[in-house]
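Novice: how would this look folded up:
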Amino acid sequence: MDNELITCKELLDKGNNTFVMANNGSVTAVSEEKGLRPILDIYRKDPYLFNGSSVADKVIGKAAALLLAGGKIKQLYAEVISRSASDYLSDTGVPFSYGTISENIMNRDGSDLCPMEKLCADVDDPSLALEKILTFIKS
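Specialist: Below is the predicted model of the structure:
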């Protein structure tokens, strides 16, 4: 873990932060939003902002992993990562570390799988994942 990712991880641990991103030694995004919202907000603004960035996030499932890898992040730290996200990142060569690995990411009330995880379970193309996620959100 390099200094940039260490900085992201330290900021993730402060307050209610759920997502931190840095690039070229400067923090470029911090969010307290849950789920995919911080990642989607950046994609909507400019997906190129992910390119070469270090990211720390509270929970990374496969949907998030697809979007971050597609954005060409440099490295990732996740407090919790799903097995499918871990496998995908390993396959794509994105360096990552984590606190805990989980078989699945559950929805907020814990009654079922996260809807984004279900949506992206069989997807390995970041562009297709983004398309499916945006279509799901619009409906």
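
Novice: Pull the residues that contact the longest helix along the chain.
Specialist: The longest helix of the chain (DSSP state H) is helix 126-138. If you take Cβ atoms under 8 Å, 6 or more residues apart in numbering as the criterion, helix 126-138 is touched by 36, 40, 43, 63, 66-67, 69-71, 115-116, 119-120, 123. (C-beta placed from N, C-alpha, C; glycine too.)

Novice: Buried residues, that helix. List them.
Specialist: Using 16 or more other Cβ atoms under 10 Å as the test for burial, helix 126-138 gives 126, 129-130, 132-133.

Novice: same question for it, mean pLDDT?
Specialist: Across helix 126-138, pLDDT averages out at 93.

Novice: Helices of the protein, start to end?
Specialist: 3-12, 37-45, 62-70, 83-92, 115-120, 126-138.

Novice: To Asp109, which of the ones you listed lies closest?
Specialist: helix 115-120 (11.9 Å; Cβ to Cβ).

Novice: and the closest one, what other elements does it pack with?
Specialist: Contacts defined by 3 or more Cβ pairs under 8 Å, 6 or more residues apart in numbering; DSSP states H and E place helix 115-120 against helix 62-70, helix 126-138.

Novice: I'd like the helices of the chain as JSON lines, with distance to Ala29 appended.
Specialist: Shown next, in JSON lines, are the helices of the chain (distance: least, Cβ to Cβ, whole Å):
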{"stretch": "helix 3-12", "distance to Ala29": "10"}
{"stretch": "helix 37-45", "distance to Ala29": "6"}
{"stretch": "helix 62-70", "distance to Ala29": "12"}
{"stretch": "helix 83-92", "distance to Ala29": "20"}
{"stretch": "helix 115-120", "distance to Ala29": "19"}
{"stretch": "helix 126-138", "distance to Ala29": "18"}
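
Novice: re the thing from before, tell me which of the buried residues of helix 126-138 is nearest to Thr7?
Specialist: Pro126 (25.6 Å).

Novice: Distance check, the most centrally placed residue in the chain against Cys120.
Specialist: The centroid of the chain falls nearest to Ala64 when counting by Cα atoms, centre = their mean (3.8 Å). Using Cβ to Cβ, to the nearest Å, Ala64 is found at 9 Å from Cys120.
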